[in-house]
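In: need coordinates for the below:
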Amino acid sequence: DGMRIKDLPRIDDFKPRWYQVPVIDALLTGKKRAILLWSRRTGKDLLAWHIAIWQCLMEPSIVFYIFPTQIQARSCIWSSMTIDGKSFLSFIPEHLIYKKNEARMEVHFHNGSILALKGSNNYDSMRGVNCKMAIFSEYADHDPAVWNLVIQPVLRGNNGIAIFCSTPKGF
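Out: Alright, predicted model coming up:
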């Protein structure tokens with residue numbers, strides 16, 4: 001009756017926190033939308049990053065990981081690390097990577113998947129791309145047009161998944 005967390009590809013020693021498990025379970029059992037409205041330091045991006053990697057490994061896909069700006073995408077994920085000092089990119093085992101494009105902030109997998117970091121301030125760059133999953137980080141700061149005009153129609157058309165991560169302002 002569907003996949004479970006134990007069935008996901010093992011990529012590192014990531015163990016979701018107790019309150020993150022229902023999000024993974026919901027997506028594995030067919031839910032197509034998730035909203036993570038959690039306070040700071042609750043691991044929203046670390047969880048979403050792993051979900052993006054799992055998506056890329058389970059089927060050839062294009063996954064957009066979208067921040068309000070490309071600069072934020074670079075500083076918060078591409079060039080960033082966890083509190084333990086592990087870079088976000090190192091969560092993807094090197095043997096699974098076909099190539100990385102530093103300038104475009106893209107990881108290409110051997111199975112054809114692409115995990116691309118984007119900024120919603122340049123949402124025209126996402127037009128016409130058939131992404132299977134879109135993750136919005138800091139969604140409260142996004143231009144709503146990127147969801148309404150660009151991403152939602154694509155995901156609706158291909159039965160794709162959207163995850164919205166945000167922190168209530170002031171928390």
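
In: how about stretch 59-77: buried residues?
Out: Buried residues in stretch 59-77, counted by 16 or more other CB atoms under 10 Å: 61-70, 72-74, 76-77. (C-beta placed from N, C-alpha, C; glycine too.)

In: what distance separates the start and the end of that stretch?
Out: 22 Å (CA to CA, to the nearest Å).

In: same question, stretch 142-153
Out: Note: stretch 142-153 ends 17 Å apart using CA to CA.

In: repeat that for stretch 118-128.
Out: 14 Å.

In: other residues contacting that stretch?
Out: Stretch 118-128 is contacted by residues 64-73, 105, 136, 142-143, 145-146, 149-151 when judged by CB atoms under 8 Å, 6 or more residues apart in numbering.

In: helices and strands of this protein: which one bottoms out on pLDDT?
Out: Sorting the helices and strands of the chain by mean pLDDT, DSSP states H and E puts helix 145 at the bottom, at a mean of 90.

In: show me what the nearest residue to K118 once chain neighbours are set aside is bridged to.
Out: Excluding its sequence neighbours, the residue lying closest to K118 (CB to CB, 6 or more residues apart in numbering) is I66, at 4.7 Å. Beta bridges link I66 to K118, F136, judged by DSSP bridges.

In: in contact with I66: list those residues for me.
Out: So I66 contacts 73, 117-120, 126, 134-137, 142, 146, 151 (CB under 8 Å, 6+ apart).

In: just the buried ones from the residues you listed, in PyMOL syntax?
Out: Buried residues within the contacts of I66, by 16+ other CB under 10 Å, are selected in PyMOL with:
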select buried, resi 73+117+118+119+120+126+134+135+136+137+142+146+151
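
In: turn the contacts of I66 into TSV, columns for pLDDT and distance to P93.
Out: Output for these, formatted as TSV (pLDDT from 0 to 100; distance: CB to CB, whole Å):
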residue	pLDDT	distance to P93
A73	96	22
L117	97	19
K118	96	23
G119	95	27
S120	94	29
M126	92	27
A134	98	24
I135	98	20
F136	97	26
S137	97	23
H142	93	30
V146	93	30
I151	96	28
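
In: ok, so of the contacts of I66, who is nearest L46?
Out: Nearest to L46, judged by CB to CB, of those is S137 at 11.0 Å.

In: from H95, how far off is that closest one?
Out: Remark: distance between S137 and H95 (CB to CB, to the nearest Å) = 27 Å.
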